[in-house]
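Student: build me a structure from this.
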Amino acid sequence: MRSKIINILSVLVGVLIGAIVNMAILMMSSAVIAPPKGVDMTTDAGINAAMPLLEPKHFLMPFLAHAIGTFVAVYLATRFSKTKAIRIPIIIASIYLIGGIMEVMNLNAPLWFNVIDLLGAYFPMAFIAFKWGKRD
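Tutor: I've put the predicted structure just below:
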């Protein structure tokens, strides 16, 4: 019973810290790659209005935020869980993928970005983090 509680807590803490990492990267993205002049990148409506002005470089930081956030969440959960089972990374990657799908539905990002983001940022990063995290 104790190991189940630890596993659940490791998933919850991993998801929370991964979300914090994700948001931190998104918040600093404008400082790394400046958005086009006069665009509001703080709201979904502003981002949707800015989509035609965005270049491929503007999609790098959101992809990294999703990929690194997922990686951190899975790595931490794997390191601290009592079982090193693949189900923990699958649960976390699924949670983040659902969030990614919700963003795809909210934002009018280019199809190429949506495909790369949904296929490359969640499950592949979860698998790599799981492999690293279960090493002793």
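
Student: show me where the chain has its strands.
Tutor: Taking DSSP state E as the test, none of the chain falls into strands.

Student: determine the longest helix present in it.
Tutor: Criterion DSSP state H: the longest helix present in the chain is helix 2-32.

Student: buried sites along it?
Tutor: Neighbour counts over helix 2-32 (16 or more other Cβ atoms under 10 Å) mark 7, 10-11, 14-15, 17-19, 21-22, 25-26, 29 as buried. Using the backbone N, CA and C atoms, a C-beta is placed for each residue, glycine as well.

Student: S29 and K4, how far apart?
Tutor: 38 Å (Cβ to Cβ, to the nearest Å).

Student: could you do G18 as well?
Tutor: Relative to K4, G18 is positioned 21 Å away (criterion: Cβ to Cβ).

Student: same check, this time on R135
Tutor: For R135, the distance to K4 - Cβ to Cβ - is 23 Å.

Student: cool, and I88?
Tutor: Taking Cβ to Cβ as the measure, I88 falls 12 Å from K4.

Student: and the end-to-end length of stretch 101-119?
Tutor: In stretch 101-119, first residue to last residue: 11 Å (Cα to Cα, to the nearest Å).

Student: and it, what's buried?
Tutor: For stretch 101-119, by 16+ other Cβ under 10 Å, it's 103-104, 109, 113-114, 117-118.

Student: one step back: average pLDDT across the longest helix of the chain?
Tutor: Helix 2-32 carries an average pLDDT of 94.

Student: what helices and strands are in contact with it?
Tutor: Where contact means 3 or more Cβ pairs under 8 Å, 6 or more residues apart in numbering; DSSP states H and E, helix 2-32 is packed against helix 60-80, helix 87-106.

Student: now the angle between helix 2-32 and the last one, please.
Tutor: It refers to helix 87-106. Orientation note: helix 87-106 sits at an angle of 40 degrees relative to helix 2-32 (axes from the mean of the first three to the mean of the last three Cα atoms, to 10 degrees).
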